[in-house]
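following is a predicted model, sequence given first.
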Amino acid sequence: MLVDGKSTRTIWLAANRSTVKIIDQTRLPHEFIIVDLDTLDDAVKAISNMQVRGAPLIGVTAAYGMALAMGDNATDAGVDIACKVLYQARPTAVNLRWALDDLKAILDPLPERERKIAAYARAAEIADEDVEQCSSLGDHGKVIIKKMWNDKSRPERINILTHCNAGWLATVDWGTALSPIYKAHDAGIPIHVWVDETRPRNQGANLTCWELGQHGVPHTLIVDNVGGHLMQHGQVDLCIVGTDRTTAAGDVCNKTGTYLKALAAADNNVPFYVGLPGPTIDWTIKDGVRDVNIEERDPSEVTRLIGLTEDGYISTIAISPKASPAANFAFDVTPARLVTGLITERGVTDASEEGLAKLYPEFK
Ligand code: MRU
């Protein structure tokens, strides 16, 4: 997608073909900074500190983390240690496990001297696959928006509500929830996006607003709790969100607060769609509420806010009494019954075991 009019991905290889380059997402929207990852430790920290975030991008960074690790220690023990530390970097996005399993299956049978080249090659392939999948799910999602546009009796614009950042910054390019929006916008359909700020880390305010702005998509930032009100007043035509892990039965784990949006959408007959590429499906579980490991992050993310001061410095402020404890559950689960449809690279399906099995028969 575009940054200052220039086509950019979120992760790429430097000219030396070994350093991995990322956009430091903790600095956006105030500063656009590119950071080098040269070691396994750099990759682990980039994931856990959320310099890179979003399920698909976490997976791709983990794959490159394996490649960086192989440059240092390509023994069997080196493969196992790299998998272990990367796996622990963030617990909820299943793309992380998916990418590490994929890399391990390729690296294990190879002689040590071939592992580094193979790991870089596969990481690059996974990155390219992610771009293709996200582009393709965008094409499928665009059909839903177009149909709504053609059917609509009040044809000024289509209002779409999204939560967190499931745009190109959360993937390698295009995004999941935002990919259909970019495709529809590029096709000339007038779109307006309601962007949930997404406390505590404000990915909506910081990242979604920034990338929609870079691409010229009209949008309005709202506080997390206003979506229900907008839906009651006919101001939301549909919701599209991303997911960090969708179960084989269609339960959707995504950024905390997604569930409440889905409840409000169901109460107001607003269609609630989820965009996801295949590697975000966890085929090993069905019951999301029971079986997804929900990340609990540092409470200081809840008790503090990070932003730009009037003198142009990025600064942190406290918003609660020092003595008040805080809890920081980073994700929640929306049961399949509240999801209108899953938009995948293979097409749109209802959120059900049968629907997903039809699209992905190889996992049945
Ligand atoms: O904590 P984050 O910023 O990694 O959470 C990201 C989300 O919740 C996204 O909606 C999800 O990863 C889907 S990304 C295309």
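Right, received. Where do you want to start? Numbers count the residues shown, from 1 in each chain.

who in this protein is up against the ligand?
Contact residues, the chain versus the ligand (Cβ under 6 Å from any ligand atom): 53-56, 93, 164, 166, 170-171, 175-176, 203, 242-244, 254-255, 330. Using the backbone N, CA and C atoms, a C-beta is placed for each residue, glycine as well.

can you show me the CA trace of the helix or strand where Val35 lies as CSV?
Element membership for Val35, per DSSP states H and E: strand 34-37. Extracted in CSV, the C-alpha atoms of strand 34-37 (Å, rounded to 0.1, in the frame of the first residue of the first chain):
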residue,chain,number,x,y,z
ILE,A,34,12.4,1.7,9.7
VAL,A,35,14.2,-0.7,12.1
ASP,A,36,16.7,-3.5,11.3
LEU,A,37,16.3,-7.0,12.7
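
quick one: contacts of that strand?
For strand 34-37, contacts defined as Cβ atoms under 8 Å, 6 or more residues apart in numbering pick out 14, 19-24, 42-43, 46, 51, 61, 64-65, 68.

what subset of these is buried?
Buried subset of the contacts of strand 34-37 (neighbour count, 16 or more other Cβ atoms under 10 Å): 20-24, 42-43, 46, 51, 61, 64-65, 68.

may I see the buried residues of stretch 294-306?
Ile294, Glu295, Arg297, Glu301, Val302, Thr303, Ile306.

now pLDDT and secondary structure too, for those, in CSV please.
As requested, those are exported to CSV (pLDDT from 0 to 100; DSSP: H, G, I helix; E, B strand; the rest coil):
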residue, pLDDT, secondary structure
Ile294, 98, coil
Glu295, 98, coil
Arg297, 97, coil
Glu301, 98, helix
Val302, 98, helix
Thr303, 98, helix
Ile306, 96, strand
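
any idea which of those is closest to Thr198?
Using Cβ to Cβ, Glu301 comes nearest to Thr198 of those, at 11.5 Å.

can you name the residue of this protein nearest the ligand?
The nearest approach of the chain to the ligand comes at Gly242, 2.7 Å away (Cβ to the nearest ligand atom).

pull the number of nearby residues for that residue.
Gly242 is flanked by 30 other residues according to other Cβ atoms under 10 Å.

dihedrals phi and psi, it?
Dihedral angles of Gly242 (phi, psi; degrees, to the nearest 10) stand at phi -100, psi -170.

list the buried residues in the strand holding Val35.
By neighbour count on 16+ other Cβ under 10 Å, the buried set for strand 34-37 is Val35, Leu37.

now it: average pLDDT?
The pLDDT scores in strand 34-37 average 98.

and what of stretch 79-91?
Across stretch 79-91, pLDDT averages out at 97.

list the buried residues of it.
For stretch 79-91, a neighbour-count test (16+ other Cβ under 10 Å) marks Val79, Ala82, Cys83, Val85, Leu86, Tyr87, Ala89, Arg90, Pro91 as buried.

now the last one: closest residue in space, sequence neighbours ignored.
The one in question is Pro91. Nearest non-adjacent residue to Pro91, counting by Cβ to Cβ, 6 or more residues apart in numbering: Asn293, 4.7 Å away.

just the pLDDT at that neighbour, thanks.
97.

likewise Met1?
Met1 carries a pLDDT score of 88 in this model.

tell me where the stretch 251-364 of the chain has helices.
Along the stretch 251-364 of the chain, the stretches classed as helices by DSSP state H, counting those that start in this stretch are 258-267, 288-291, 300-303, 353-359.

could you say which of those helices is packed most deeply?
Ranked by mean neighbour count, the helices of the stretch 251-364 of the chain are led by helix 258-267 with a mean of 21 (mean count of other Cβ atoms under 10 Å).

show me what that one is packed against.
helix 227-232, strand 238-241, strand 272-275, strand 331-334 (3 or more Cβ pairs under 8 Å, 6 or more residues apart in numbering; DSSP states H and E).

switch to 10 Å and redo it
Helix 258-267 sits against strand 158-162, helix 227-232, strand 238-241, strand 252-255, strand 272-275, strand 331-334, with contacts defined as 3 or more Cβ pairs under 10 Å, 6 or more residues apart in numbering; DSSP states H and E.

OK, contacts around the residue nearest to Ala330 when sequence neighbours are not counted?
Leaving aside its sequence neighbours, Ala330 sits nearest to Glu295 (Cβ to Cβ, 6+ apart; 4.3 Å). Residues near Glu295 by Cβ atoms under 10 Å, 6 or more residues apart in numbering: Arg90, Pro91, Thr92, Ala93, Asp244, Cys253, Thr256, Asn328, Phe329, Ala330, Phe331.

by neighbours, which of those wins?
Within these, most neighbours by other Cβ under 10 Å means Asp244, with 32 neighbours.

I'd guessed that residue sits against Arg97; true?
No: using Cβ atoms under 10 Å, Asp244 is not in contact with Arg97, being 11.3 Å away.
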